[in-house]
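Chemist: sequence and predicted structure are below.
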Amino acid sequence: MAAAQTPADASGQSASRSPALPDKAHQSGSERRARVVVRLPPDVKQRVQYWAHKRGFSSVNEYIAEAAAEQVRRENLDYDLPTLEIARINELSDQVKALSTNCANLERVVMLGFDSLLQLTRGDNYLLDNEGTDS
């Protein structure tokens, strides 16, 4: 399916090729943004427009700038975990602690069992004492 052509503006350039001017009302001298050109497949562009509108961004450019900043924060491991993820991590941590305790208890039971068997084979058990017989 071919993409729709945008009509040319007064300068002869198509509207999609016209330079995007930064919104100077929202930017001070130190907050100016560098221009970056992004080429997106048509289906991705449509999804970006949908999410930009749904999230309340005034333009797709603002949405893409915020998305790039978010990705950089993720790459730097500088992001907040949502509450559900924190709860799940805490739950998994508690489960690992419980498994560790269970493993230690099983180890203790097995060691005590082997100690009892060794004592039985040596004859050091109180049950094997011959108190009633005279030698």
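Modeler: Sure thing, it's come through. Remember, it's a predicted structure, so these values are computed and weren't measured experimentally.
Chemist: I'd like to know how far residue 73 sits from residue 96.
Modeler: 28 Å (CB to CB, to the nearest Å). Heads up, the C-betas are built off the backbone N, CA and C, glycines and all.
Chemist: A helix includes residue 77, no?
Modeler: No. According to DSSP: H, G, I helix; E, B strand; the rest coil, residue 77 belongs to no helix; its state is coil.
Chemist: quick one: pLDDT of it?
Modeler: Confidence at residue 77, expressed as pLDDT, is 82.
Chemist: same question for the one 3 residues further on.
Modeler: The pLDDT attached to residue 80 in the predicted structure is 74.
Chemist: and the helix or strand hosting residue 106, what other elements does it pack with?
Modeler: Assigned by DSSP states H and E, residue 106 belongs to helix 83-122. Contact partners of helix 83-122 among helices and strands, from 3 or more CB pairs under 8 Å, 6 or more residues apart in numbering; DSSP states H and E: none.
Chemist: name the residues of it that are buried.
Modeler: Using 16 or more other CB atoms under 10 Å as the burial criterion, none of the residues of helix 83-122 qualify.
Chemist: from here on, call the first residue 680.
Modeler: In the new count, where the first residue is 680, that last one comes out as helix 762-801.
Chemist: now that helix: mean pLDDT?
Modeler: 91.
Chemist: what does stretch 723-735 give?
Modeler: On average, stretch 723-735 scores 94.
Chemist: residues in contact with it?
Modeler: With contacts defined as CB atoms under 8 Å, 6 or more residues apart in numbering, stretch 723-735 is touched by 719, 738-739, 741-743.
Chemist: dump the residues you listed into CSV; add pLDDT and distance to residue 787 as well.
Modeler: CSV is the format used below for the contacts of stretch 723-735 (pLDDT from 0 to 100; distance: CB to CB, whole Å):
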residue, pLDDT, distance to residue 787
719, 91, 61
738, 90, 65
739, 91, 63
741, 92, 61
742, 94, 58
743, 93, 59
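Chemist: for residue 746, grab the count of nearby residues.
Modeler: Neighbour count of residue 746, defined by other CB atoms under 10 Å: 15.
Chemist: how about residue 725?
Modeler: 11.
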